[in-house]
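Student: Structure for this input, please:
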Amino acid sequence: MLLGDLETPALVVDRARVQQNTAAMAERAATGGVALRPHMKTAKSAAVAKLATANHSGAVTVSTLAEAEYLAEHGFRDFTYAVCAVPEKLDRAARLQKESGAQIQLITDSVEAARALAGRARDAGETIKVLVEIDSGEHRTGLSPDSPSVVETARAIHEASHLDLEGVLTHAGHSYECHSIEDVKRVAEDERQAVVGAARLIRDSGLECRTISAGSTPTAVHAESFEGLTEIRPGVYVFFDIAQLGQKSCRIENLALSVLATVISHRPEHGRIIIDAGGIALSKDTSASALLDAGYGWVFDAGGRERIGDLRVAVADQEHGYVESSSSPDRVPFDRLPIGSRVRVFPNHACMTASAYDSYAVVHDGDEIVDRWDRIHGW
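Tutor: Numbers count the residues shown, from 1 in each chain. Predicted coordinates:
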């Protein structure tokens, strides 16, 4: 089967580029002296997870318990569930650990939650590893690195009969908002110092802190030092996207994920070509807009090799994408893209775009579909 045989919109991934991206990040971690625990929230695919953990311990990060359960079915046995865990989630995590033989680490940012988790772990009869989440500047969840609550929460975990204090974890999600490499480097250093400092407080209190975990894709790519960290957890690097391109975290040849779409209408009076990939197929994430005039994604030829002029999806209705030129309506190539022709749209945010699809059509440096990779949905 060739790309031209697919019904559109279709989610396409280039295996050669995924292999290139995952190998480069593995080398980056090894050179920096840290373990790599890739975050699978982007791909949510066992096939991608296997590439990301080639010649590796197999340890991964997940954003949902559904991901952990799915990956456990495919042989993975070491998970960090990197969302603050409420007690109700512990029963499911304990069941996964007990039934599959996997180890699943949870995170928390409060004494109250730690004590509640301890009670549920005791009832489940499973000992669960827990990390204290640190806020390194994103201000989503996590404790300030110098807060007394860091040690208090760590001690609550340590003293619980069915919890095991593993360490500290942070995520510099605000690195995605940086407008320059220098800005990302500053965020990466703040991230490192925050979590290393919190670990120091815990150790100075007499408690063990084995894991010091950090990492987003931008900080993993641009950080000048990983000193004091034990692991990094980037995720979107497996595919990269236009937002990461805008941050110079990747090159255009690293972009591995795209949406194949069909031209369904011409509107020359408005300087627009309409495609059958809209807000659901592409997502309405505009995370690249601060750095690049990307709209909802850049438009490439059907082979995904060449951007067509300065075309981007400027407007996205539910099932319609409005392709326009960034500079002038006169630069929209109606003759080159007749009705029925195909284009590839490289999205702003690979994680959000991929979430609409059940599987990936896999190519390998060409137009032939060489595989089909499944992915997990839900929570």
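
Student: Wait, a strand at Val12?
Tutor: Yes: the assignment for Val12 by DSSP: H, G, I helix; E, B strand; the rest coil puts it in a strand.

Student: So what touches the host helix or strand of Ala113?
Tutor: In this assignment (DSSP states H and E), Ala113 forms part of helix 111-124. Contacting residues not belonging to helix 111-124 are listed as 84-88, 90-91, 94-95, 98, 106, 108, 127-128, 130, 149, 152-153, 156-157, 160-163 [Cβ atoms under 8 Å, 6 or more residues apart in numbering]. The C-beta positions use only the backbone N, C-alpha and C, and glycine is treated the same way.

Student: So which bits of it are buried?
Tutor: In terms of neighbour count (16 or more other Cβ atoms under 10 Å), helix 111-124 has its buried residues at 113-118, 120-121, 124.

Student: Can you add pLDDT and distance to Ala277 and give those residues back as CSV?
Tutor: As requested, the buried residues of helix 111-124 are exported to CSV (pLDDT from 0 to 100; distance: Cβ to Cβ, whole Å):
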residue, pLDDT, distance to Ala277
Ala113, 97, 41
Ala114, 98, 45
Arg115, 97, 48
Ala116, 97, 44
Leu117, 97, 42
Ala118, 97, 48
Arg120, 96, 43
Ala121, 97, 45
Ala124, 96, 45
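
Student: Can you lay out these as a markdown table showing distance to Asp5?
Tutor: Formatted as a markdown table, those follow (distance: Cβ to Cβ, whole Å):
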| residue | distance to Asp5 |
| --- | --- |
| Ala113 | 51 |
| Ala114 | 53 |
| Arg115 | 57 |
| Ala116 | 53 |
| Leu117 | 50 |
| Ala118 | 55 |
| Arg120 | 50 |
| Ala121 | 51 |
| Ala124 | 49 |
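
Student: With respect to Pro38, which of the residues you listed is nearest?
Tutor: Using Cβ to Cβ, Leu117 is the member of the buried residues of helix 111-124 that lies nearest Pro38, at 25.2 Å.

Student: What's the separation between that closest one and Leu65?
Tutor: As judged by Cβ to Cβ, to the nearest Å, Leu117 and Leu65 stand 14 Å apart.

Student: got it, and Ala121?
Tutor: Noted for Ala121: a distance of 15 Å to Leu65, by Cβ to Cβ.

Student: Kindly report the same for Asn55.
Tutor: From Asn55 across to Leu65, the span is 27 Å (Cβ to Cβ).

Student: Please enumerate the strands of the stretch 101-250 of the chain.
Tutor: Assigned by DSSP state E, counting those that start in this stretch, the strands in the stretch 101-250 of the chain fall at 103-108, 128-134, 163-170, 211-214, 231-232.

Student: Output the ones you listed as a markdown table; include the columns mean pLDDT.
Tutor: A markdown table is the format used below for the strands of the stretch 101-250 of the chain (pLDDT from 0 to 100):
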| stretch | mean pLDDT |
| --- | --- |
| strand 103-108 | 98 |
| strand 128-134 | 98 |
| strand 163-170 | 98 |
| strand 211-214 | 98 |
| strand 231-232 | 98 |
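
Student: Now mean neighbour count and distance to Arg331 too, for the ones you listed, in JSON lines please.
Tutor: Output for those, formatted as JSON lines (neighbours: other Cβ atoms under 10 Å; distance: least, Cβ to Cβ, whole Å):
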{"stretch": "strand 103-108", "mean neighbour count": "24", "distance to Arg331": "49"}
{"stretch": "strand 128-134", "mean neighbour count": "26", "distance to Arg331": "48"}
{"stretch": "strand 163-170", "mean neighbour count": "25", "distance to Arg331": "45"}
{"stretch": "strand 211-214", "mean neighbour count": "25", "distance to Arg331": "43"}
{"stretch": "strand 231-232", "mean neighbour count": "24", "distance to Arg331": "42"}
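
Student: Tell me which of these sits nearest to Pro38.
Tutor: strand 231-232 (8.9 Å).

Student: Tell me the strands beside that closest one, with direction?
Tutor: According to DSSP bridges, strand 231-232 forms sheet pairs with strand 35-36 (parallel), strand 211-214 (parallel).

Student: Which stretches in the stretch 251-379 of the chain count as helices?
Tutor: All helices of the stretch 251-379 of the chain, identified by DSSP state H, counting those that start in this stretch, fall at 279-282, 350-354.

Student: and the last one, how far out from the chain's middle?
Tutor: Meaning helix 350-354. Relative to the chain's own centre, helix 350-354 is displaced by 9 Å; criterion: Cα atoms, centre = their mean, to the nearest Å.

Student: Report the contact partners of His222.
Tutor: His222 touches 181, 184-185, 188, 249, counting by Cβ under 8 Å, 6+ apart.

Student: if we go to 6 Å?
Tutor: When contacts are counted by Cβ atoms under 6 Å, 6 or more residues apart in numbering, His222 touches 181, 184-185, 188.

Student: what's the closest non-adjacent residue to it?
Tutor: Distance criterion Cβ to Cβ, 6 or more residues apart in numbering; nearest residue to His222, sequence neighbours excluded, is Val184 at 4.4 Å.

Student: again with Ala43
Tutor: Excluding its sequence neighbours, the residue lying closest to Ala43 (Cβ to Cβ, 6+ apart) is Val238, at 5.4 Å.

Student: That neighbour: neighbour count?
Tutor: Number of residues near Val238 (other Cβ atoms under 10 Å) recorded here: 27.

Student: That one reaches Ser45, doesn't it?
Tutor: No: Val238 is beyond contact range of Ser45, at 9.0 Å (criterion: Cβ atoms under 6 Å).

Student: Just the pLDDT for Ser287.
Tutor: We have a pLDDT of 89 for Ser287.

Student: Can I have the buried ones of the contacts of helix 111-124 as a PyMOL selection?
Tutor: Only the buried entries of those go into this PyMOL selection, using 16+ other Cβ under 10 Å:
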select buried, resi 84+85+90+94+106+108+128+130+152+153+156+157+160+162+163
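
Student: picking that back up, now tabulate the strands paired with strand 231-232 in CSV and tack on distance to Ser205.
Tutor: Shown next, in CSV, are those (distance: least, Cβ to Cβ, whole Å):
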stretch, distance to Ser205
strand 35-36, 25
strand 211-214, 15
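
Student: Alright, I will stop here.
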